[in-house]
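# here is a sequence with its predicted model. Questions after.
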Amino acid sequence: MFEFKTVGTCSTKITFRIVDGRLRDIRFFNGCDGNLKAIARLLEDQPAAEAAVKLKGIRCGPKRTSCADQLAIAIERATGSA
């Protein structure tokens, strides 16, 4: 299980696994519960690299990042592509 402490978002931590290049068991801690559950469900079993590309750079209002962007960063770190 990969664990990533977020920076600049309401969520404080993201955990997930990558199995055969695909995302599994994504979980956000704190933050916008419904939206983050939706993101996790939509990304379940999706190719990790593709998800990172789609999510990278998404901002939340005036913030320079978002929970989705933080997940992209976490995926890059977990796969060594950062």
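On my side now, so go ahead.
# longest helix of the protein?
Longest helix in the chain by number of residues (criterion: DSSP state H): helix 67-79.
# ok, residues contacting it?
Contact with helix 67-79 is made by 2, 4, 6-11, 14, 16, 18, 23, 26, 28, 31-32, 35-36, 39, 43, 48-49, 51-60, 81-82, as judged by Cβ atoms under 8 Å, 6 or more residues apart in numbering. The C-beta positions use only the backbone N, C-alpha and C, and glycine is treated the same way.
# go with 6 Å
Helix 67-79 is contacted by residues 2, 4, 6, 9, 11, 14, 18, 31, 36, 48, 52, 55-56, 58, 82 when judged by Cβ atoms under 6 Å, 6 or more residues apart in numbering.
# okay, buried residues for it please.
Going by neighbour count (16 or more other Cβ atoms under 10 Å), the buried part of helix 67-79 is C67, A68, D69, Q70, L71, A72, I73, A74, I75, E76, A78.
# cool, and stretch 15-22?
F16, I18, R22.
# residues in contact with that stretch?
By Cβ under 6 Å, 6+ apart, stretch 15-22 touches M1, F2, E3, L23, R24, D25, I26, R27, D45, P47, A48, A78.
# which of those fall within strands?
Residues of these located in strands (DSSP state E): F2, E3, L23, R24, D25, I26, R27.
# buried members of the residues you listed into PyMOL, please.
Buried residues among those (16+ other Cβ under 10 Å), as a PyMOL selection:
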select buried, resi 23+26
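# tell me which element the residue lying closest to F28 once chain neighbours are set aside falls in.
Leaving out its chain neighbours, the residue that sits closest to F28 by Cβ to Cβ, 6 or more residues apart in numbering is L36, at 3.9 Å. Taking DSSP states H and E as the criterion, the element that holds L36 is helix 33-43.
# helices and strands around that helix, which ones?
strand 22-29 (3 or more Cβ pairs under 6 Å, 6 or more residues apart in numbering; DSSP states H and E).
# just the CA atoms of the strand it packs on, as CSV, please.
The C-alpha coordinates for strand 22-29 follow below in CSV (Å, rounded to 0.1, in the frame of the first residue of the first chain):
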residue,chain,number,x,y,z
ARG,A,22,-3.6,-0.4,-12.4
LEU,A,23,-4.9,1.6,-9.5
ARG,A,24,-6.6,-0.3,-6.6
ASP,A,25,-8.1,0.5,-3.2
ILE,A,26,-7.8,4.3,-3.5
ARG,A,27,-8.7,6.1,-0.3
PHE,A,28,-8.6,9.8,0.6
PHE,A,29,-8.5,10.9,4.3
